[in-house]
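Fold the following for me, if possible:
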Amino acid sequence: MISENDNIKTNSLSAWILAARPKTLTGAMVPVMIGTAWAWKLSGGENFRVLPAILCFLFAFLMQIDSNFINDYFDCLKGNDDRATRLGPKRACSEGWITLPAMRIGLVVTSLLACLVGFPLIIFGGLEMILVGLACVLFAFLYTTCFSYLGLGDVLVLVFFGIVPVVFTTYVILPNHSQAICFDVIMSGVICGLVIDTLLVVNNYRDRDNDKRDGKMTLIVRIGEEKAEKLYLALGLMAFIQLSFLLSLEDRHNLLTFILLVIIFAPYNILHYKTAMQMRRIKKGKDLNLILAQTARNMLIYGIATTIAIIAS
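As a prediction, the model looks like this:
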């Protein structure tokens, strides 16, 4: 496994792998998992189209990597990744692992690759998929260059790591597109976005002092430390909405179903609570990177639990 502490050669394969931030791919995978589960559920396992599901996963991964490259490049230009004060994982451009000209090429290539992979989805979802894909690419740039400085990054996470991937993954997999535009799928997207936002919350919680100094008015800078800790805990526990939302469907008002769902979500809820308490104890410094890793793990567990609950319900 490649480590940040290794001797990384400039513009090498190892440098690009670190710049891609593989651990963040959980956030890209989970909403597509949930959308795929809903497509399976709503189709009854019949007319389930595998190819668009694969393309959705590939597009999501490429867009996540693209977002990471964009973030790395523009934050380095703005001086927000200062090596002396940075608390988060090291960044490729600021560390000199990848030169700025090379990163410019890299983010253009990943943007084009994502569009290339996503383009065939128009066969399954229609020409409107072009607008969806372009919006994803556009807001990947706007997040780093604009919205994150205005405290609106959490809104973009809700939309582009929740509602959009969950709904449109379901949309392209199902031959009957109208099945995807329903309360169940949309609410799953909202809840997924809230859970994935825990990753942004802990990231901004760690960087709150540096962000405030740099004029980056994230939501965490605006609401303060104590409310940020409560927000992190509350967002994760919103997974319980998934339980009530599933239980509200027809023929599911029974104790056995409730017990089953509680069991399925127990590992996630327990781990999220423990992570929130640990975050509250640590408060500041690079040790919060441990909370970042645990949050990514918890998100994956949430995605697996939700996928199982949807298919089994």
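
show me the contacts for Val221.
Val221 sits next to Gly151, Asn204, Arg208, Asp211, Lys212 when contact means C-beta atoms under 8 Å, 6 or more residues apart in numbering. The way it works is simple: take the backbone N, C-alpha and C, and place the C-beta from them, glycine included.

which one of the residues you listed is nearest Pro101?
Asp211 (27.3 Å; C-beta to C-beta).

Please identify the helix or strand for that closest one.
Element membership for Asp211 (DSSP states H and E) is helix 208-213.

Show me what that helix is in contact with.
For helix 208-213, contacts defined as C-beta under 8 Å, 6+ apart pick out Asn80, Thr85, Arg86, Leu87, Asn204, Met217, Thr218, Ile220, Val221, Glu225, Ala228, Lys284.

ok, back up a step: relative to Arg49, which of the contacts of Val221 is nearest.
Each of the contacts of Val221 was scored against Arg49 by C-beta to C-beta, and Asn204 proved nearest at 37.8 Å.

picking that back up, what about the contacts of helix 208-213, which are in strands?
Among those, no member is found in strands (DSSP state E).

which of those residues lies closest to Leu55?
Of those, the one sitting nearest to Leu55 (C-beta to C-beta) turns out to be Asn204, at 31.6 Å.

residues contacting the residue nearest to Lys9 when sequence neighbours are not counted?
Closest residue to Lys9 apart from its sequence neighbours, by C-beta to C-beta, 6 or more residues apart in numbering: Ala15 at 6.8 Å. Taking C-beta under 8 Å, 6+ apart, we find Ala15 in contact with Ile8, Lys9, Ala92, Trp97, Ile98.

And what about the last one, helix, strand or coil?
Meaning Ile98. Recorded secondary structure, Ile98: coil (DSSP: H, G, I helix; E, B strand; the rest coil).

how many neighbours does it have?
26 (other C-beta atoms under 10 Å).

wait, what's in contact with it?
Going by C-beta under 8 Å, 6+ apart, Ile98 touches Thr10, Asn11, Ala15, Trp16, Ala19, Asp72, Ala92, Gly106.

ok, now with 10 Å
8, 10-12, 15-16, 18-19, 69, 72-73, 76, 91-92, 105-106 (C-beta atoms under 10 Å, 6 or more residues apart in numbering).

how far away is Phe61 from Ala276?
Phe61 sits at a distance of 28 Å from Ala276 (criterion: C-beta to C-beta, to the nearest Å).

Tell me which of the two has more neighbours.
For Phe61 versus Ala276, neighbours defined as other C-beta under 10 Å are more numerous around Ala276 (24 against 19).

three-state assignment of that one?
Per three-state DSSP, Ala276 ends up helix.

is it true that it touches Ile282?
No - if you go by C-beta atoms under 10 Å, Ala276 and Ile282 don't touch, sitting 11.0 Å apart.

So in this structure, where's the weakest helix or strand by average pLDDT?
Lowest on mean pLDDT, DSSP states H and E among the helices and strands of the chain sits helix 239-247, with a mean of 70.

For the protein, which residues score under the pLDDT cut-off?
1-6, 80-85, 243-254 (pLDDT under 70).

re the thing from before, of the contacts of helix 208-213, buried ones?
Asn80, Arg86, Leu87, Asn204, Thr218, Ile220, Val221, Ala228 (16 or more other C-beta atoms under 10 Å).

Filter those residues down to just the ones in helices.
Asn204, Ile220, Val221, Ala228 (DSSP state H).

Check those residues and tell me the two furthest apart.
It's Val221 and Ala228 that sit farthest apart of these, by C-beta to C-beta, at 9.1 Å.

shared neighbours of these two, which are they?
In contact with both Val221 and Ala228: Asn204, Tyr205, Arg208, using C-beta under 10 Å, 6+ apart.

any idea how far the first one is from Pro175?
It refers to Asn204. Using C-beta to C-beta, we find Asn204 at a distance of 41 Å from Pro175.

repeat for Arg208
Counting by C-beta to C-beta, the gap from Arg208 to Pro175 is 47 Å.

Can you check which residues contact both of Ala276 and Ile282?
What both Ala276 and Ile282 touch, as defined by C-beta under 10 Å, 6+ apart, is the set Ile291.

thinking Phe139 is in contact with Gly133, fair?
No - in this structure, Phe139 is not within contact of Gly133 by C-beta under 10 Å, at 11.2 Å.

The two: which has the busier surroundings?
In this view Phe139 and Gly133 are compared by other C-beta under 10 Å, and Gly133 has more residues nearby, 20 against 17.
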